[in-house]
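Q: fold the stuff below for me.
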Amino acid sequence: MGLKLSKLKQHKVLQNMFYVNVLTTGGLLAAGDVITQQVEMAMDEDRTQKFNPKRTERMFLIGLFLGPFGHLWYTRFVEKLVPGAPSTTTALKKILADQIIAGPFFCSAFFFGMGLLEGRGRSGAVAEVKDKFLTVYLIDWCLWPPAQFINFRFLPVEYRVIYVACITLCWNVFLSYFKHMDSPKYQNTEEQIKK
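A: Residues are numbered from 1 along each chain as shown. The predicted structure is shown next:
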């Protein structure tokens, strides 16, 4: 009886963690964009740049889209792909899996999804992935392996998405800046192809 109750409680916690993780991912992407826009407005010498709530809304929405994948990756898939008790060797294997599988997926899905949410069409979204993926992915390798070592070596499974999301706030400031630094470049890609 006690074992069944314990399993039921664990299931409820993980079920609630799904929603917490998804909303946290969306919220932190939006927060990263708000910080980025505040910095951009402060640096705008002409004071012409205004806060764009639609841009922040899109960042929140892409976070809601990516959140379930993050939850499943960090709470289930990586654990099945690289099983084992927390150790340095296990952590390093999980980091490698994270960088080879999850990193490219999240990076390309972010740029592609944002392009679609901005109305750039498939070709505009693909163009931005091709243009920005490699740079962001290389910078990703500088930040995430040390952060993920702590994650995979020391944290319980149920707290991994929240931990990653907190570090992601800093990453999201960079990601929002890099995403929007040349936004007009991709706006008319779909129209140019149709002409």
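Q: who are the neighbours in contact with the nearest residue to H71 once chain neighbours are set aside?
A: The shortest distance from H71 to any residue that is not its chain neighbour, by Cβ to Cβ, 6 or more residues apart in numbering, is 4.3 Å, and that residue is N21. From N, CA and C alone the C-beta is placed, and that goes for glycine too. For N21, the set of contacting residues under the criterion of Cβ atoms under 8 Å, 6 or more residues apart in numbering consists of G67, G70, H71, T75, V161, I162, A165.
Q: check E40 too.
A: Q49, Y177, H180.
Q: weed out the non-buried ones from these.
A: Under a neighbour-count criterion of 16 or more other Cβ atoms under 10 Å, the subset of the contacts of E40 counted as buried comprises Y177, H180.
Q: for this structure, which helix or strand comes out least confident on mean pLDDT?
A: Comparing helices and strands within the chain by mean pLDDT, DSSP states H and E singles out helix 189-194 as the least confident, with a mean of 41.
Q: what's the spacing between L23 and A31?
A: As judged by Cβ to Cβ, to the nearest Å, L23 and A31 stand 12 Å apart.
Q: neighbour-wise, which of these two wins?
A: Between L23 and A31, A31 has the larger neighbour count (other Cβ atoms under 10 Å), namely 20 against 15.
Q: does the more buried one really touch L169, like I thought?
A: Yes: in terms of Cβ atoms under 8 Å, A31 counts as a neighbour of L169; the distance is 6.0 Å.
Q: could you pull out the strands for this structure?
A: In the chain, no strands are defined using DSSP state E.
Q: give me the low-pLDDT residue ranges for it?
A: The model of the chain has pLDDT under 70 over residues 1-14, 183-195.
Q: find the centremost residue of this structure, please.
A: By Cα atoms, centre = their mean, the chain has its centre lying nearest to F106, at 5.9 Å.
Q: got a list of what I35 touches?
A: Shown in contact with I35 (Cβ under 8 Å, 6+ apart): L169, V173, S176.
Q: relative to P83, how far out is it?
A: Applying Cβ to Cβ to I35 and P83 gives a distance of 38 Å.
Q: list the buried residues for stretch 132-149?
A: Going through stretch 132-149 with 16+ other Cβ under 10 Å, the ones that come out buried are K132, F133, V136, D140, W144, P145, A147, Q148.
Q: oh, I was asking about stretch 27-45
A: So stretch 27-45, judged by 16+ other Cβ under 10 Å, has buried residues G27, L28, L29, A30, A31, G32, D33, V34, I35, T36, Q37, E40.
Q: ok, stretch 47-57 next?
A: Taking 16+ other Cβ under 10 Å as the criterion, stretch 47-57 shows R55, T56 as buried.
Q: show me the helices in the protein, by range?
A: Using DSSP state H, the helices of the chain run over residues 2-43, 53-72, 78-81, 88-97, 103-117, 121-154, 160-180, 189-194.
Q: ok, and what's touching stretch 98-105?
A: Contacts of stretch 98-105 with the rest of the structure, by Cβ under 8 Å, 6+ apart, involve F69, W73, V78, L81, F133, Y137, D140, W141, W144, P145, Q148, F152.
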